[in-house]
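>>> got a structure for you, letters missing:
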């Protein structure tokens, strides 16, 4: 718009297709939906390399009724598409030598389906799934920073504080409860070292932390907080006139046994996913 003001606008065209059936061909389900999700942002550069901005965008939420005729009167049907909204305001910039940072405040409103009791049908089903029976509201702040301490050392840090709750629900007792599988706090710290004695070699270490998460809607079951340490090294080498990039790493160095995720499926079941055990990786990329 001018030397300091910039306007960003766009849209994403989305087509979602899904199909499922039992091994004997029963309970077949197939659907497709199209949508356009626009976004808009305005940025102001008050100094070289520094910008404040605000943005808003729409999301596309697709859900179907579980294909269980014994429970749902509309089993297998596609629900009307719902729209989520995300608003964000933040700052990105550089200060000093080799220092960059960003801060973002955001709010996400995401409609979710929910079940309500209805008169039983001929099959005995007595539940109806409503397209926008709940709404989750996510409000938080996300921060990131990078600091080049010297020619050999670089630090990167990230942190997020998030308040994710059910703002509206067909069941009033669930209003104000934490959204499932979302931590209140998460963060990471990464240190990269480039020893002067071996040009090109990079040795990295990363610590990641995630706060506790709710497993069930009523928050009666919680997933404990956890942390993990990963380490790796990369080295470019020229072999026989060919450029190669060698990588070696260890994930979960301390072999901690933790539960990392607890997603709830659309039909109500919740799964616990453990962290991978200590894992060694070795790889090479060849640039021809």
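Ah, there it is. Being a predicted model, the structure only gives us computed values, none of them experimental.

>>> Pull the contacting residues for the residue nearest to residue 208 when sequence neighbours are not counted.
Ranked by Cβ to Cβ, 6 or more residues apart in numbering and with sequence neighbours excluded, the top spatial neighbour of residue 208 is residue 188, at 4.5 Å. Using the backbone N, CA and C atoms, a C-beta is placed for each residue, glycine as well. With contacts taken as Cβ atoms under 8 Å, 6 or more residues apart in numbering, residue 188 has the following neighbours: 156-158, 206-209.

>>> helix/strand/coil for residue 188?
The three-state label given to residue 188 by DSSP: H, G, I helix; E, B strand; the rest coil is strand.

>>> Tell me where the model's unsure across this structure.
Low-confidence segments of the chain, defined by pLDDT under 70: none present.

>>> helix or strand right after the lengthiest strand in it?
Of all the segments of type strand in the chain, defined by DSSP state E, the longest one is strand 127-148. Next helix or strand after strand 127-148 toward the C-terminus (DSSP states H and E): strand 153-169.

>>> and that following strand, how far out from the chain's middle?
Chain-centre distance of strand 153-169: 10 Å, with Cα atoms, centre = their mean, to the nearest Å.

>>> now swap in stretch 4-17 and tell me
Averaging C-alpha coordinates over stretch 4-17 and over its chain gives two centres that are 19 Å apart (Cα atoms, centre = their mean).

>>> and if you look at stretch 64-80?
That offset, for stretch 64-80, works out to 27 Å (Cα atoms, centre = their mean).

>>> mind checking the end-to-end distance for that stretch?
Taking Cα to Cα, to the nearest Å as the measure, stretch 64-80 stretches 9 Å from start to finish.

>>> do stretch 199-217 as well
Between the opening and closing residues of stretch 199-217 there is a gap of 52 Å (Cα to Cα).

>>> got the buried residues for it?
Of the residues in stretch 199-217, those with enough neighbours to count as buried (16 or more other Cβ atoms under 10 Å) are 201-202, 204, 206, 210-211, 213-215, 217.

>>> who's residue 39 bridged to?
For residue 39, the beta-bridge partners are residue 10, residue 57 (DSSP bridges).

>>> mind listing what it touches?
If you count contacts by Cβ under 8 Å, 6+ apart, residue 39 has them with 8-12, 55-58.

>>> buried subset of these?
55, 57-58.

>>> Which of those residues sits closest to residue 84?
Closest approach to residue 84 among those (Cβ to Cβ): residue 58, at 7.0 Å.

>>> Kindly calculate the angle that the helix or strand residue 101 falls within makes with strand 127-148.
Secondary structure from DSSP H and E places residue 101 in strand 99-117. For strand 99-117 against strand 127-148, the angle by axes from the mean of the first three to the mean of the last three Cα atoms, to 10 degrees is 170 degrees.
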